[in-house]
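1. structure of the sequence below:
(one chain, ligands or ions: 1)
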Amino acid sequence: MLGRLLGELDGFVNVGEAARYLFDAPMQGRQVPCGCGRPVSQCAFWKDKVQAIPPELAERGAEVVRMRKFASLLMASGGAEASKRYRPILEAITAVYRKVAQETGCRVIVDSSKNPANALLVSLASGIDLHVLHVVRNPHDVVASWTKKKGYLATHPARKVIAWWWSYNLLSELLKLKAQSYQLLRYEDFVRDPGPCLQRATAAVVDVPPAMDFLNGSEATVRMQHVLAGNPDKLDSGKIRISDGNCPSAGSRGWLVNLTTLPLQLRYRYWPAAATPILRPTSTTSSI
Ligand SMILES: [Zn+2]
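-> Predicted structure coming up:
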């Protein structure tokens with residue numbers, strides 16, 4: 001949802017989870033539709049860009065963004081000093097983003113690939129300034145959301161979701177070491193007051209605050225966007241309402257979630273419950 005709104009800003013283009021999709025052969029094999037409703041292989045915006053990445057390169061890209069490779073990726077050099085292992089992948093990423101920028105005239109590409117390793121990989125590509133917006137959500141709602149069936153998205157057991165919640169959040173914080181800017185945004189603060197959160201999110205990326213006339217309180221008017229691998233219940237265009245996702249509660253798993261996530265809940269001020277908004281220097285924003 002945040003990516004959809006950022007994609008409405010002048011000079012911004014939202015590409016969904018493009019960095020993940022382009023280097024995830026199984027995801028491509030599942031024929032996940034583009035945000036325009038067409039299969040990606042028939043979408044005029046993505047067809048050629050996806051075809052330009054050979055399957056073996058997509059597989060190699062998926063291999064280097066595995067969580068267990070995060071440390072070596074963090075130590076890797078980019079640009080002219082990139083190793084042979086990363087160079088073809090980085091060149092492919094740069095080529096895709098550059099083509100998106102040329103065709104749309106945008107200055108900022110919003111890529112909401114959730115795996116922080118995808119952002120780390122992008123930070124090594126030439127000509128790209130990485131700005132990170134780290135969105136954190138209450139783990140109870142994350143567990144409820146990921147254990148519920150939604151369209152083509154797979155469901156996952158709670159213990160796996162909790163492990164991901166830990167690793168994705170801690171590794172996202174490490175992106176401060178590589179990004180031009182880093183901000184932390186709580187999902188709950190965003191849905192409560194989207195306008196100011198959106199303003200602050202863009203402040204580190206562009207000098208002049210972009211107009212937000214498509215947004216009125218918690219209502220927004222959004223256009224069709226060519227997003228890859230997006231959440232299927234977030235692809236509607238026209239007038240949309242920004243609200244908390246009506247997740248069922250974690251129910252009997254609530255104690256397990258609290259027990260296993262307490263330190264990070266304290267860090268992000270979910271425990272004890274606090275409503276103080278935090279947005280410090282969420283989706284990933286990459287500016288070319
Ligand atoms: Zn499309």
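
2. just list what the helix or strand hosting L133 packs against, helices and strands only.
-> According to DSSP states H and E, L133 maps onto strand 129-136. Strand 129-136 sits against helix 116-123, helix 158-174, strand 181-186, helix 187-192, strand 284-287, with contacts defined as 3 or more Cβ pairs under 8 Å, 6 or more residues apart in numbering; DSSP states H and E. Any C-beta I mention is one placed from the backbone N, CA and C, and that applies to glycine too.

3. that strand to helix 158-174, inter-axis angle?
-> 140 degrees (axes from the mean of the first three to the mean of the last three Cα atoms, to 10 degrees).

4. and Y268, how many residues sit next to it?
-> Each residue near Y268 was counted by other Cβ atoms under 10 Å, and the total is 18.

5. quick one: contacts for it?
-> By Cβ atoms under 8 Å, 6 or more residues apart in numbering, the contact set of Y268 is 136, 169, 184, 186, 278.

6. need those residues in a markdown table (columns: distance to A119).
-> Output for the contacts of Y268, formatted as a markdown table (distance: Cβ to Cβ, whole Å):
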| residue | distance to A119 |
| --- | --- |
| V136 | 15 |
| N169 | 13 |
| L184 | 14 |
| R186 | 19 |
| I278 | 20 |
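
7. is it possible to get a markdown table of these that adds distance to S218 and neighbour count?
-> A markdown table is the format used below for the contacts of Y268 (distance: Cβ to Cβ, whole Å; neighbours: other Cβ atoms under 10 Å):
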| residue | distance to S218 | neighbour count |
| --- | --- | --- |
| V136 | 20 | 25 |
| N169 | 26 | 21 |
| L184 | 22 | 20 |
| R186 | 16 | 23 |
| I278 | 20 | 13 |
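
8. intersect those residues with the contacts of the ion.
-> Of the residues in the contacts of Y268, proximity to the ion by Cβ under 5 Å from the ion holds for none.

9. between the residues you listed, which sits nearest the ion?
-> Taking Cβ to the ion as the measure, the ion lies nearest V136 of the contacts of Y268, at 29.3 Å.

10. what pairs with that closest one across the strands?
-> R186 (DSSP bridges).

11. quick revisit: tell me the most buried of the helices and strands packed on strand 129-136?
-> Ranked by mean neighbour count under mean count of other Cβ atoms under 10 Å, the helices and strands packed on strand 129-136 are led by strand 284-287, which reaches a mean of 27.

12. quick one on the thing from earlier: the strand holding L133: how far from the chain's middle?
-> A distance of 8 Å separates the centroid of the chain from that of strand 129-136, by Cα atoms, centre = their mean, to the nearest Å.

13. for the stretch 151-288 of the chain, which segments count as helices?
-> With helices called from DSSP state H, counting those that start in this stretch, the stretch 151-288 of the chain shows them at 158-174, 187-192, 194-203, 254-267.

14. ranking the ones you listed by mean pLDDT, which is last?
-> Least confident of those, judged by mean pLDDT, is helix 254-267 with a mean of 92.
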